[in-house]
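predicted model and sequence follow; I will ask about them next.
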Amino acid sequence: MRKDKAKVLDEQWDDARVASFLDPRPGDGDNADFQLLRRAYQSMRDSDFARFVPLFQDAGRDLNATGPEGKTLLEEIAEHRYGTPYGDILKQHGAS
C-alpha cells in the first residue's frame, strides 16, 4: 500500500457496491459465472457475500459453474482455511 493512502478497516458496503460484482470485467474468462462468484468471494467479507449470492441467483447466474480446473467455487474454497463460512453460504443457496 502506498504510504499516502490511509488503510480502511471495517468498511461498510452498500447494496450498489455488492451488486456491482454482477458486472463481468474484460478477461473474466470462459465461464463468467464462476469468475464473478470467485471475484466476489475474494473481495467480500462473508456478510457481504451472503448478500451477494441471492443477487447472483436472481440474475440467473449458476452457483455450480466450474472454473478452469473443473471445480466449482464450493469445491475450491473447501481447501481454504477461512473458506468455511463462504461454503456454508453457498450450500444454503443450493450449491453442490
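Nice, thanks for sending it over.

contacts, neighbours, all on C-alpha from now
Will do.

shouldn't P85 be in contact with R45?
No: using CA atoms under 8 Å, P85 makes no contact with R45, being 9.7 Å away.

helices and strands of this structure: which one has the lowest mean pLDDT?
helix 15-19 (a mean of 82; mean pLDDT, DSSP states H and E).

following that helix, which helix or strand comes up?
helix 32-43 (DSSP states H and E).

which strands or helices does that next one pack on?
Contact here means 3 or more CA pairs under 8 Å, 6 or more residues apart in numbering; DSSP states H and E; on that basis helix 32-43 packs against helix 46-58, helix 73-77.

tell me which of those helices sits most buried.
helix 73-77 (a mean of 19; mean count of other CA atoms under 10 Å).

buried ones in whichever helix or strand comes after that helix?
Next in sequence after helix 73-77, counting helices and strands by DSSP H and E, comes helix 84-92. Using 16 or more other CA atoms under 10 Å as the test for burial, helix 84-92 gives Y86, G87, I89, L90.

so what touches helix 84-92?
Y41, D46, F49, A50, V53, L63, L74, I77, A78 (CA atoms under 8 Å, 6 or more residues apart in numbering).
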